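1. pasted the sequence and its predicted model underneath.
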Amino acid sequence: MLPQRLDEPDFASLGQSALRRMVRSGEAMIQAEKHLNKAGHSLVERMLHGHGRFEPWAHYPPEDVYDYDTASQYYYHAHTDRPEEHGHFHLFLRQSAFSADAVPRRILGTEGGTIGHLVAISMNRMGHPLELFVTNGWVTAEDAYGADDLIEAMPRWGVDHTQPCLAVNQWLTAAVRFFRPQIEALIRARDAALDPLAAKSGWEEVLELRDIEVVARMPVSPEAQMREIIGLLGGGPPI
């Protein structure tokens, strides 16, 4: 039954160096939010700033956000059928982020080369993350890279320029690193669900199955995650 709801990863199984990196990323997320809050903004409010009435399905900003140095892309939008959330970020990696031998499951021939959807981050009205989720290919018109290729390319995701907002870009960049265990688990769960279908019908058909939208999801709480990781590190600051 899809979508599959995943449990939180076992952070205790991660090495100390990985946990320390996650704490530093969590601290970067907190710092970015503080910068926004001091100006009277939240992550969500800042994404919509200057765009008039918030319209479901529209991209914010309208032309998406690109960092061509890192081949990273994202946008924010909302659906009309998700009353529990305000909207969500969709994060992508463009073709040059992947290794030369990485081959997508299909090639749509869109301008700018192939693209892989990394993860979506669901947000509430206060600008706090609710869950992470991954989708079927038709949802974001992606070429759909496999789990190994996406996970190998994931550390390259990052946006460090000032458009549309430096603090939002910093928060998202840090979030990919802070939530890396969850993102990896979701991507692998997506493949585990779709691979058997593709073995029967082929990827072209499976990626366009409209009755499969969200494949896997996982609730998140940055505050609880930080407390757990700091506890596993003995309660001291990261080194």
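-> Noted; the coordinates are in hand.
2. in this structure, which helix or strand is least confident?
-> helix 43-48 (a mean of 93; mean pLDDT, DSSP states H and E).
3. what's the following helix or strand after that helix?
-> Next in sequence after helix 43-48, counting helices and strands by DSSP states H and E, comes strand 60-67.
4. name the surrounding residues that touch stretch 211-230.
-> Here stretch 211-230 makes contact (Cβ atoms under 8 Å, 6 or more residues apart in numbering) with 2-8, 11, 19, 22-23, 26, 29-30, 128-136, 139, 178-179, 182, 185-186, 189-190, 193-194, 206, 236. For every residue, glycine as well, the C-beta is placed using N, CA and C.
5. residue boundaries of the helices in the chain?
-> 16-38, 43-48, 137-140, 147-153, 166-178, 180-201, 203-206, 222-232 (DSSP state H).
6. redo the ones you listed as TSV? Include distance to Glu85.
-> Listed next are the helices of the chain as TSV, based on distance: least, Cβ to Cβ, whole Å:
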stretch	distance to Glu85
helix 16-38	18
helix 43-48	10
helix 137-140	15
helix 147-153	23
helix 166-178	16
helix 180-201	17
helix 203-206	26
helix 222-232	16
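7. TSV for these, including mean neighbour count and distance to Glu111?
-> Converted to TSV, the helices of the chain look like this (neighbours: other Cβ atoms under 10 Å; distance: least, Cβ to Cβ, whole Å):
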stretch	mean neighbour count	distance to Glu111
helix 16-38	17	31
helix 43-48	22	24
helix 137-140	18	15
helix 147-153	18	20
helix 166-178	22	23
helix 180-201	18	25
helix 203-206	16	20
helix 222-232	15	35
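8. these: which one's closest to Asp101?
-> The minimum distance between Asp101 and the helices of the chain falls on helix 147-153, with 8.8 Å, by Cβ to Cβ.
9. remind me what the closest one packs against, helices and strands.
-> Contact here means 3 or more Cβ pairs under 8 Å, 6 or more residues apart in numbering; DSSP states H and E; on that basis helix 147-153 packs against strand 115-123, helix 180-201.
10. let's have those in JSON lines, adding distance to Arg82.
-> Output for the helices and strands packed on helix 147-153, formatted as JSON lines (distance: least, Cβ to Cβ, whole Å):
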{"stretch": "strand 115-123", "distance to Arg82": "8"}
{"stretch": "helix 180-201", "distance to Arg82": "17"}
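11. residue closest to the middle of the protein?
-> Val119 (3.1 Å; Cα atoms, centre = their mean).
12. the closest residue to Gln4 other than its chain neighbours and Trp138, how far apart?
-> In space, and not counting its chain neighbours, Gln4 is closest to Ala216: 4.5 Å by Cβ to Cβ, 6 or more residues apart in numbering. From Ala216 across to Trp138, the span is 16 Å (Cβ to Cβ, to the nearest Å).
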